[in-house]
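*Asks:* predicted structure and sequence below. I'll ask about it afterward.
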Amino acid sequence: MNPYFLKVLLLVALLGVCTSGSAFAEPSGKLVIFHAGSLAVPFADMEKAFEAKYPKVDVQRESGGSTKLARMITELGKPADIMASADYLVIDKMLVPEFAQWNARFATNQIVLCYTPTSRYADEINDKNWFEILQRPDVVWGHSDPNLDPCGYRSLMTIQLAEKFTGQPGLYDKVLANRPEKNVRPKSVELISMMESGNMDYAFEYMSVAVQHGLEYVTFDDHINLGNYAMDPFYKSAVVKVTGKEPGTFMELTGSSITYGVTMLKAAANPEAAEAFLAYLLDEKGGLAILKAQGQPPIVPASVGTDAMHEALPQGLKALVKVAK
């Protein structure tokens with residue numbers, strides 16, 4: 001064989017190996033994920049499964065109120081590769097477009113009222129009398145901070161919707177009159193330990209959280225639970241005022257069905273590992289299956305709101321996400 005031709009063949013083969021190695025390189029390094037507190041249990045399972053598949057990746061998760069986590073990124077410059085929010089609008093309003101290019105909706109949920117067997121009046125509470133029991137002076141109940149956690153403003157919206165659905169003017173104020181400020185906690189999951197220790201009788205939570213922690217719970221009519229997108233026109237009648245982007249400012253949030261969102265931050269330090277984790281999360285047989293098994297309905301396939309967002313997705317995620325305007 002001509003020596004020059006042989007050198008060309010060797011060079012082509014070497015380039016092929018290098019190219020193949022780069023395209024299919026195994027992700028490695030630290031992967032930082034900020035996620036809603038209500039996702040703590042399923043994301044812990046996803047972390048184990050993902051690290052078993054990619055042992056060179058170290059997943060480091062930070063759990064908390066979605067609004068608070070978004071502010072840690074926008075106001076404090078905290079580094080993260082992925083942000084998963086209990087309200088996809090938190091990503092739309094606080095991260096897009098400066099900190100993220102797209103927002104994939106991947107799961108739903110609904111609000112329930114949790115309690116334990118030792119909660120006062122546990123033997124009589126139901127979906128018809130819960131608002132009456134929450135007004136009793138000896139009952140201790142709470143919810144998460146609406147300024148920090150979507151479950152907090154959704155809890156207040158649920159009570160507002162109950163007032164309208166049951167036709168009881170003033171019900172919202174009467175129920176809240178029996179809830180001291182000390183019972184408003186930064187994260188909804190903090191309320192669980194208070195109920196389990198006997199320091200709180202009832203707390204508003206997501207159904208998935210109730211299932212994952214083995215709590216008793218009262219379910220609400222679809223007009224109230226924020227879990228049915230067909231009820232969005234009615235949900236819009238609920239309005240909660242929360243703190244705004246800038247200190248000293250406020251904004252009003254209107255009710256809508258509960259939809260979780262996830263994105264990769266533009267400043268992600270490890271985009272390869274982030275894309276691999278998101279591909280696992282959005283896989284019907286991967287992360288979405290874990291959500292479903294733990295009481296949280298997944299959105300299959302996940303969706304983005306615009307063609308531009310779909311175009312901005314990493315190449316490996318485009319087949320897992322559709323456009324739903």
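*Replies:* Looks like it came in fine.

*Asks:* mind checking the end-to-end distance for stretch 116-131?
*Replies:* Stretch 116-131 has an end-to-end distance of 17 Å (criterion: CA to CA, to the nearest Å).

*Asks:* next up, the contacts around the closest residue in space to E47 that isn't next to it in sequence.
*Replies:* Spatially, and ignoring its direct neighbours in sequence, E47 is nearest to V59 (4.5 Å; CB to CB, 6 or more residues apart in numbering). C-beta: built from backbone N, CA, C; applies to glycine. Neighbour list for V59: L31, I33, E47, F50, E51, F277 [criterion: CB atoms under 8 Å, 6 or more residues apart in numbering].

*Asks:* can I get the CA coordinates of the strand or helix carrying the second one in CSV?
*Replies:* Remark: I33 resides in strand 29-36, with elements defined by DSSP states H and E. Extracted as CSV, the C-alpha positions of strand 29-36 are listed here (Å, rounded to 0.1, in the frame of the first residue of the first chain):
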residue,chain,number,x,y,z
GLY,A,29,-18.1,15.9,37.8
LYS,A,30,-20.4,17.8,40.1
LEU,A,31,-24.0,18.4,39.1
VAL,A,32,-25.9,21.0,41.2
ILE,A,33,-29.7,20.8,41.2
PHE,A,34,-32.0,23.2,42.9
HIS,A,35,-35.5,21.7,43.3
ALA,A,36,-38.8,22.3,45.1
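
*Asks:* point out where the stretch 51-200 of the chain drops to low pLDDT.
*Replies:* Within the stretch 51-200 of the chain, no stretch has pLDDT under 70.

*Asks:* what ranges do the helices span in it?
*Replies:* All helices of the stretch 51-200 of the chain, identified by DSSP state H, counting those that start in this stretch, fall at 66-74, 88-94, 130-133, 150-166, 171-176, 190-196.

*Asks:* can you pick out the most distant pair from the contacts of V59?
*Replies:* By the measure CB to CB, I33 and E51 form the most distant pair in the contacts of V59, at 12.0 Å.

*Asks:* for those two, work out which one has more neighbours and name it.
*Replies:* Using other CB atoms under 10 Å, the more surrounded residue of I33 and E51 is I33, with 23 against 15.

*Asks:* list the residues that contact that one.
*Replies:* I33 sits next to F43, V59, Q60, R61, E62, A80, D81, I82, M83, A84, F277 when contact means CB under 8 Å, 6+ apart.

*Asks:* P169 reaches Q160, doesn't it?
*Replies:* No. Between P169 and Q160 there is no contact under CB atoms under 8 Å: 11.6 Å.

*Asks:* the residue nearest to E47 bridge partners, please.
*Replies:* Counting by DSSP bridges, V59 is bridged to L31.

*Asks:* how far away is it from K266?
*Replies:* V59 is 20 Å from K266, where distance means CB to CB, to the nearest Å.

*Asks:* swap in S144?
*Replies:* To K266, S144 is 29 Å away according to CB to CB.

*Asks:* swap in Y88?
*Replies:* Between Y88 and K266 the distance is 17 Å, computed by CB to CB.

*Asks:* then P297?
*Replies:* 29 Å.

*Asks:* just give me the residue right at the centre of the chain.
*Replies:* Centroid-nearest residue in the chain, with CA atoms, centre = their mean: A86, separated by 2.5 Å.

*Asks:* you'd agree it is up against P150?
*Replies:* Yes. Judged on CB under 8 Å, A86 makes contact with P150 at a distance of 4.5 Å.
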